[in-house]
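Colleague: based on what follows, work out the 3D shape:
(chains A, B, C and D, ligands or ions: 4)
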Amino acid sequence: MNGLLMNEKNVCGTVKERSRLAPQSVEMKYRDAYLTVIFTMGQTKEHARKVYQAMVRSRLLEMKFSSLYKAGQIVGGVYLGKGQEAVSASVGARLEPGKDIFAPLIRDQAGRTAFGEDMLDATRTYLGSAQGPMKARDGNIHRGRPSEGVVAMISHLGSSLSVVGGMLKAREIQGKLAGCVGATCIGDGATSTGSFHEGLNYVAVEKLPVVVVVANNQFAYSTPNSKQYACVDLIDRAQGYGVAGHSVDGTDMLACAETIAKAVDTARAGGGPQMVVAKLLRLGGHGEHDDGSYIPEEIRNSTYGRDCIEVGKQQLLEKGWLSEEELTEWQEAAKMEVQEAVKTAQKEAGPNPYNEDWSALAESRFKEAHT
Amino acid sequence: MNGLLMNEKNVCGTVKERSRLAPQSVEMKYRDAYLTVIFTMGQTKEHARKVYQAMVRSRLLEMKFSSLYKAGQIVGGVYLGKGQEAVSASVGARLEPGKDIFAPLIRDQAGRTAFGEDMLDATRTYLGSAQGPMKARDGNIHRGRPSEGVVAMISHLGSSLSVVGGMLKAREIQGKLAGCVGATCIGDGATSTGSFHEGLNYVAVEKLPVVVVVANNQFAYSTPNSKQYACVDLIDRAQGYGVAGHSVDGTDMLACAETIAKAVDTARAGGGPQMVVAKLLRLGGHGEHDDGSYIPEEIRNSTYGRDCIEVGKQQLLEKGWLSEEELTEWQEAAKMEVQEAVKTAQKEAGPNPYNEDWSALAESRFKEAHT
Amino acid sequence: MSVTYIEAIREAQYKALETDERVFLYGQDIGEFGGAFKATKGLKEKWPDRVMDAPISEDAMIGMAVGAAIEGMRPVVEMQFADFSSVGFNQIVNNAATHYYRTGVPIPITVRMPSGGTPGSGPFHSQSIEAIYSHYPGCIVLTPATVSDAYHMLLEGIALDDPVIYCEHKLLYRWLKSDDFEGDGLPIGKARITRPGKHATVVAYSAMVHEAVRAAEMLQSEGWEIEVVDLRSVKPLDTDTVIASVARTGRLLAVGEAFPWGGVTAEIVSRVVKEAFHLLDAPPMRLNAKDTPIPYHPKLWAAHRPTPESISHALKELLAY
Amino acid sequence: MSVTYIEAIREAQYKALETDERVFLYGQDIGEFGGAFKATKGLKEKWPDRVMDAPISEDAMIGMAVGAAIEGMRPVVEMQFADFSSVGFNQIVNNAATHYYRTGVPIPITVRMPSGGTPGSGPFHSQSIEAIYSHYPGCIVLTPATVSDAYHMLLEGIALDDPVIYCEHKLLYRWLKSDDFEGDGLPIGKARITRPGKHATVVAYSAMVHEAVRAAEMLQSEGWEIEVVDLRSVKPLDTDTVIASVARTGRLLAVGEAFPWGGVTAEIVSRVVKEAFHLLDAPPMRLNAKDTPIPYHPKLWAAHRPTPESISHALKELLAY
Ligand SMILES: Cc1ncc(C[n+]2csc(CCOP(=O)(O)OP(=O)(O)O)c2C)c(N)n1
Ligand SMILES: Cc1ncc(C[n+]2csc(CCOP(=O)(O)OP(=O)(O)O)c2C)c(N)n1
Ligand SMILES: [Mg+2]
Ligand SMILES: [Mg+2]
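Modeller: Ligands and ions are numbered 1, 2, ... in the order given. Here you go, the predicted structure:
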C-alpha cells in the first residue's frame, strides 16, 4: 500500500501533491492566495470516515438500483458510480450543505450521499414516484434541488460548469460569496465539449471558488482516451486555463479524500478555481444496459481496476480508523435505510397525467391552450 | 533591432525558438516526428521578401477600402488587418496555393494576398459587384473559394478550425494528405469559444497537419485579455491539447516569417498540429466604425504598438534584401493594381434580385414556392 | 425631447438596475464600451459591479445567467447579435427553458437579441429567430415594434419569472423615434391594433409592423382600409385580438421577416383557421422572407424580406379573392 | 426474413459505404462498439478507415463533416441523440446550410438524428426537432415512418448534394418490422397515402403515422373512413399530395410528435388553407405534443404526445363540425 500521505507526519503536516498514476503531476499555482492546508490527525480521520461511510451507503443504494433495474422495476436508465465512489464522496464530503454548491454528474451517487442527499430522493426518482424532487418530470441522474445547492444537470455534457459559476457570481454580487465553494464533477469525455471549455474559462477569468473534478475513467461510453484527447494527461489543461491542478489516483481513497479536500479548502480560502484529475476505471458498463466488454483486460487488471471501496476499507482498517464491527454496523444500517427507502417509494403513486399542470412557465397566466 | 535569427549562422542553421514578448515560451513537443527546419540563406531571403511584398500590397488595398468606407462606397462593414500583416502574410506565404488550405479570419487580407488572392476578389466583394466570389450573397471578410482551398468563414468565431480539420481528414481518407497543410488564423477572443476548443481538440486527436495561428492583439473588440482568459499566456494552452506551441512577437516581421514557416513546415513534415501565438496590437478600431479609443496609451506605446510594416521594411533594408527603389516599385505596382481593381469593380453591376435564384439548395428540384 | 428605440432599451435597463438590485447586465463589450450598439452606454459607470463584460462564450454566458437566476438574481444578457445565440442555443432551450418544469425553480433571465436585417449585414448579422425560441417550451418571446414597447416590455420582461427572449430590431434602433416612451399600458400578452381598418387584417410584429402600415397607407388611396395588428409578443400569442380583427375584416395576411418555413406566421394562420374558420371570407395568407440565407447586398436584402410593395401586392391578392 | 427499422438504417449505411467510396461514417461510439443503438454494428470492421469514432464534440463533428464535404466526401454523422444536436446546431444551420448559397459549393452531409420519445427517456433523449432544421433555409429534412423508407430515404439522402437531416424515430427501431425493405419506389419529396379514406385526412410523419393508422382503425368500427398521409419528408413538404387528399375528404388533421408552437403541423395547415381553402368543409386542426419538456415518467410521457385515443378524439371533433 502506498500510504505516502498517510503516515502521521504527513497527515499532520502540509499535504504534498503526489500521484502514483500521473507522475508528470503539475505544479500547483495559486495566483491569488497560497494556502497551506493543515489537517490535524483527528480531522483527517473524521473526514476519511465520512467519505468512506458515504461510499458504503452509496454503493449499497446503487447495487439495489442495479438489481431493481434487472427486475424491470426502474423507470428509465441506470448509470452507476461503481469504482468512482472515492472521488465522488470526497467532493460531497468536503462541501457544506446549505452553503456550498454541488453539481453532480452521472456517476455521483456517492457525492450526493456525502453532501447529505436523502436516500428517498434517489429512490423515489428511480422508481417513478410522483413525490420525488422532480415530480417524475425528469429522472434519475438529472435530479437536483437547485434551491438547496444541488444543480439539476441536463444531459448535455459540460453545461453545469458555467451554471455553478453563475451561482457563485450571484453570491459575489450579493456580498455572500465569502467562504462558499461550488464543485462539479465531470468525465474525461465531457472535457471535449465546448461547454466545458467555456465554463472553465469563465470561472477562471472571474477567479471564482470552483472545484472541477474530472473523473478520468479511461472511457467515454465505449470511446477510449486515445480518441478523446491528445495531451499527455488531462491535468495538462489546468495551466492553459490559469487554474490550479491536482492529480490523484482515483482508486486510492485516502489520497482522494486529501487531495480533493485540499482543492476544496484552497478554493474556499480564495485560491481561485481548482481542477482535480482523478484516474480510475468505471467498474461496469456505461449504464446497466451495457456490459462494458470493450474495456481491455489489461486495463481491468491495472491499478485503475482496483475497487476503491476495497482500498478504502483496507486503509481505514490498517490505520485503525474503522473496525470490522463498525463497518458491519454501517453496512447493516445502510441496507436498512435502502430497504426502507425502496419500500416507501414503491408504495407511492406515480404521477397523474390528468392532474399534471401542463405548463413550462412559472408565469401561469401565459399558459396557452394548444390543440 | 533584435535580429537574433537573422545573422547568417542562425539563418543557415537550426531555427531556434525564441520570443521577446513571451519569455515563458513553451518547449516544442513533436510526438510523431521531430523536424529540423533548415533555411538556406537564399530561401530565407526569398521567403521574407514574399511575406513583405504581400504586406505592402495588402496594406495598400486595405487603406483603399478604408477611404472608400469613409466615402460611403463600401457595402457592409470594413475590418482591417493593420498591424497584423506580418503574422497573416507569414501564414499565407508559406502555404502552397492549389494544394494547401487556408481559413482566414477577419484580419487576414495579408494572408489572403500572400496565398495568391486576386485583388479583384476582395474589391468586387467590398464594392458589391455581382461578379465577386460570393456573388454579392455574402460579404467582405466572409469571402472564400472553398474549392480552391480558401475556407469561406461564417461569423461565428472559432468554427473554421474543425472545417479545416475535416478537409484534411477527407484527404487522408482519399490518400492525398501527404505534404498538405491546413492553416487557420484566429483572435485572442475567439479562443474562448467552445467551437475553437472542440476544433483544436479534434485536429489534435487526429494528428492532422494543422497550423493554428492566434493573433493575440490584446483585445476582442473592446474587451481586454484580462476579461478573456486567465492563463499567463495563450501559448500555455498548447500543451493541454497535445499540440506543439510557438510564441512570436507579431510585430517582428522576420521573426514571424521564420516562426510561422517553421510551424507550417513541421506540420507538413508530419509533426502534427502546431499552435502559434503572436503578440501584437490591432492598429485601429475593431472595424472602421470604431476608433478604438479604449486602447490605453501605454499599450499603444509599447512594442505591441509598433507597425510591423515599418519593422519589416527596416529589417529588409538593413539586411540588404530589399532596396528603397525596389520597395517604391512594389508600392507603385500595388497602387496601380489596387486602382485597377477598384476601377473594374466599380464599373460592374450589383446583383439583380429579379434574376436571383432564390434557393439555398443545390438540389434545385426541391426548391419550394413560399408565399 | 425625442427618444429612439435603442435609447428606450438603454433606459429600461437603467431603470431595472435602479429599481431592482437583483438585476445585472452581462454581455460582450457591454461594460465601459457600452455595447456594440450602445444599449448599455454609461451603465457600467453607475453600477460597476452589475454591468459585466463577458468572454466570447455564449454558451457559458447563458449558463452563468441560469446559475445566477437560481440564486435569485435577474440577469439581462446581451447577445452581440441574435445570430450568435445559436452557440448559446443549448443553454437557452435545454437548460433555462426546461428548468422550471423540471425542478420547480424559475429562471428569470432576459436574453436581449439584436435581431432583423439591415442593409449590408449579411447572413450572420440579420437573423430573426423568434420562432426557434418559441417552438421549444419554456420561453416568453417578445418582439417590440415601438419605442414605448421597447421600453415597457423590456422592463416587464425582466420582472417575469420565466426566461424571456427579447427580440429588438436593429433597423429600428436609431430610425424609430418617439416623443416619450409613455405608451398605452398594454401588458405582455396583448396585441395592439396599430391601425384600424375593415377590409383586411395584417398581423405583423417588430419592424414588419411599420412596413405593414406603409402598405396599408399605399392601399388607402385605392379605397382599402387595412387593419394592422401588432402582436408585440409572439409567445404568448394574443389569438383573441387577432380573431376579433379577422371578425371585422374577414381577411388575414400574416407578415414576418423570418424564414418562411414554419414560424410565427404559420402559427397565427393555424390558430385563426382553427378558431375562426367561419369568419374568413378568403384563404388566409402569409408573407415571409425568402427561403435562403439573408443576402449581404442591399439590393438582394431588400428583395429577400417583405416590403410595403410586396405586402400591398399580397393584400391585393387577398382582397381580390 | 424480417428486418427492423434500425436494421434498415444499418443496411443503408452498409450499402452506401460499399457503393460510394466518398461516404464515411462519423459519430460517438459508432466504431467497434457499433453505436449506442447498434446502427453501425460491424461496419468499422469492414471499413476501418471510413467508420470513425468522434470525441464528445458535436460542433466539431459537424464542422469536420462540412470540411470533408468541401473536399468531395459524403459524411454521414450520427448524433447519439437528436437532442444533442443542439450543441452542433450552429454548424448545421449557419455553416452547412448556408454554404451552397454563399459559395456555390454544396455540402452533401447527412446528419442522423435518433429522434422522438420512448418511455422513461425524459426531456433530453426524446426530442423531435425536425421543425428547427426546417425553419432555417438550406437543409432537407427526412422523417421516415417505415422500414423501407428508413432504408431508401437514407440512401437517397446520402446521395443528395445538400445537408440532410435524417430524423429516425427511436420508438420504431426494434418494434417496426418488415419482410423486406423493398418499398414502393417513392422518391424524396413525395408523400404517401398510407391508408385510403374519404371522411377526413390525417397528415402525419414518422412514428405518428402508426398512431394515426391506429386511430383510423378505431374509428372504422364507427363507420368513418380516415385517410392517412405519410409526409415522409417535412422539407420538402409534398403539399400536392396533401391537398389531393383534402380534396377527397374535405377535412384535415395534422398530427406531429413535436412541440405545439409552430412546426410541421402549422406549416401544413397554412399551406393547405392558402391553396385549398375552398376544399375544406371544416376548420383544419392540429394535434401535437404538449408545450412542456417531454416528461420522463411513462405515464406523463404517454399523455404528452398524441396517441391513437387523442387522435381519434380530435378526428371526432373534426368530423362533427
Ligand atoms: C453533448 C453530449 N453529447 C453526447 C452525449 C451522450 N453521452 C452521455 S454519457 C456519454 C459518455 C460520457 O463520458 P465521460 O464524460 O467520460 O463520462 P463517464 O460516462 O465516463 O463517467 C455520452 C457520449 C451527451 N450526454 N451530451
Ligand atoms: C460566437 C461569436 N460571438 C460574438 C461575435 C461578435 N464578434 C465579432 S468579432 C469579435 C471580437 C473578436 O475578437 P478576437 O477574436 O480577439 O479577434 P480580433 O477582432 O481582435 O482580431 C466579436 C465579439 C462573433 N463573431 N461570434
Ligand atoms: Mg469517462
Ligand atoms: Mg483580438
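Colleague: and the residue of chain C closest to ligand 1?
Modeller: Using C-beta to the nearest ligand atom, C:Asn90 is the residue of chain C that sits closest to ligand 1, at 8.0 Å. To be clear about C-beta, it is placed using only N, CA and C from the backbone, and glycine gets the same treatment.
Colleague: A:Leu105 in helix, strand or coil?
Modeller: Classification of A:Leu105 by DSSP: H, G, I helix; E, B strand; the rest coil places it in coil.
Colleague: next one: C:Val141
Modeller: strand.
Colleague: can you give me the strands in chain A?
Modeller: A:101-103, A:182-187, A:210-216, A:219-220, A:223-224, A:244-249, A:274-279 (DSSP state E).
Colleague: ok, residue 108 - how many residues close by?
Modeller: Reading this off chain A. For A:Asp108, the neighbour count with other C-beta atoms under 10 Å in any protein chain shown is 31.
Colleague: try again with chain C
Modeller: 25.
Colleague: give the other helices and strands that the one helix or strand C:Met218 maps to contacts.
Modeller: Taking DSSP states H and E as the criterion, C:Met218 maps to helix C:207-220. Under the contact definition 3 or more C-beta pairs under 8 Å, 6 or more residues apart in numbering or on different chains; DSSP states H and E, helix C:207-220 sits against strand C:192-195, strand C:200-204, strand C:226-230, strand C:252-255, helix C:308-320.
Colleague: partner residues bridging the closest residue to C:Met52 other than its chain neighbours?
Modeller: Computed as C-beta to C-beta, 6 or more residues apart in numbering or on different chains, the closest residue to C:Met52 that is not its neighbour in sequence is C:Tyr26, at 5.1 Å. On the basis of DSSP bridges, C:Tyr26 is bridged to C:Met52, C:Val77.
Colleague: and C:Tyr26, what is it in contact with?
Modeller: C:52, C:54, C:61, C:64-65, C:75-78 (C-beta atoms under 8 Å, 6 or more residues apart in numbering or on different chains).
Colleague: other SSEs contacting the helix or strand harbouring C:Ala244?
Modeller: Remark: C:Ala244 resides in helix C:239-249, with elements defined by DSSP H and E. Where contact means 3+ C-beta pairs under 8 Å, 6+ apart, helix C:239-249 is packed against strand C:192-195, strand C:200-204, strand C:226-230, helix C:264-276.
Colleague: among these, which is nearest A:Ile141?
Modeller: With distances scored as C-beta to C-beta, the stretch of the helices and strands packed on helix C:239-249 nearest to A:Ile141 is helix C:264-276 (34.8 Å).
Colleague: residues contacting the closest one, please?
Modeller: A:371, C:130-131, C:134, C:203, C:205, C:231, C:234, C:237, C:239, C:242-243, C:246-247, C:252, C:254-256, C:258, C:280, C:284-288, D:261-262, D:265-267, D:269-270, D:273-274, D:283-286.
Colleague: at 7 Å instead, please
Modeller: Residues outside helix C:264-276 that contact it (C-beta atoms under 7 Å, 6 or more residues apart in numbering or on different chains) are A:371, C:130-131, C:203, C:205, C:234, C:237, C:239, C:242-243, C:246-247, C:252, C:254-256, C:258, C:284, C:286, C:288, D:261-262, D:266-267, D:269-270, D:273, D:283-286.
Colleague: buried subset of the residues you listed as a ChimeraX selection?
Modeller: Remark: buried members of the contacts of helix C:264-276, expressed as a ChimeraX selection using 16 or more other C-beta atoms under 10 Å in any protein chain shown:
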select /C:130,131,203,205,234,237,239,242,243,246,252,254,255,256,258,284,286,288 /D:261,262,266,267,269,270,273,283,284,285,286
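Colleague: find the centremost residue of the chain, please.
Modeller: Answering for chain A, as no chain was given. The centroid of chain A falls nearest to A:Ser88 when counting by C-alpha atoms, centre = their mean (3.3 Å).
Colleague: my question was about chain C, not that one.
Modeller: Using C-alpha atoms, centre = their mean, the most central residue of chain C is C:Thr143, at 1.8 Å.
Colleague: what residues are up against the residue of chain C closest to ligand 1?
Modeller: By C-beta under 7 Å, 6+ apart, the neighbours of C:Asn90 are A:156, A:159, C:59, D:86-87.
Colleague: okay, those residues in a markdown table with neighbour count next?
Modeller: Formatted as a markdown table, the contacts of C:Asn90 follow (neighbours: other C-beta atoms under 10 Å in any protein chain shown):
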| residue | neighbour count |
| --- | --- |
| A:His156 | 23 |
| A:Ser159 | 29 |
| C:Asp59 | 32 |
| D:Ser86 | 26 |
| D:Val87 | 31 |
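Colleague: between those, which is closest to ligand 2?
Modeller: Among these, and counting by C-beta to the nearest ligand atom, the member closest to ligand 2 is C:Asp59, at 9.4 Å.
Colleague: could you check how far the closest residue to ligand 1 within chain A is from A:Tyr229?
Modeller: Here chain A gets closest to ligand 1 at one residue, A:Gly187, 2.2 Å apart by C-beta to the nearest ligand atom. Distance of A:Gly187 to A:Tyr229, computed by C-beta to C-beta, to the nearest Å: 12 Å.
Colleague: residues in contact with C:Ile158?
Modeller: With C-beta under 7 Å, 6+ apart, C:Ile158 has these contacts: C:16, C:23, C:74, C:76, C:110.
Colleague: mind checking which of these are in strands?
Modeller: Reading strands off these with DSSP E, I get C:23, C:74, C:76, C:110.
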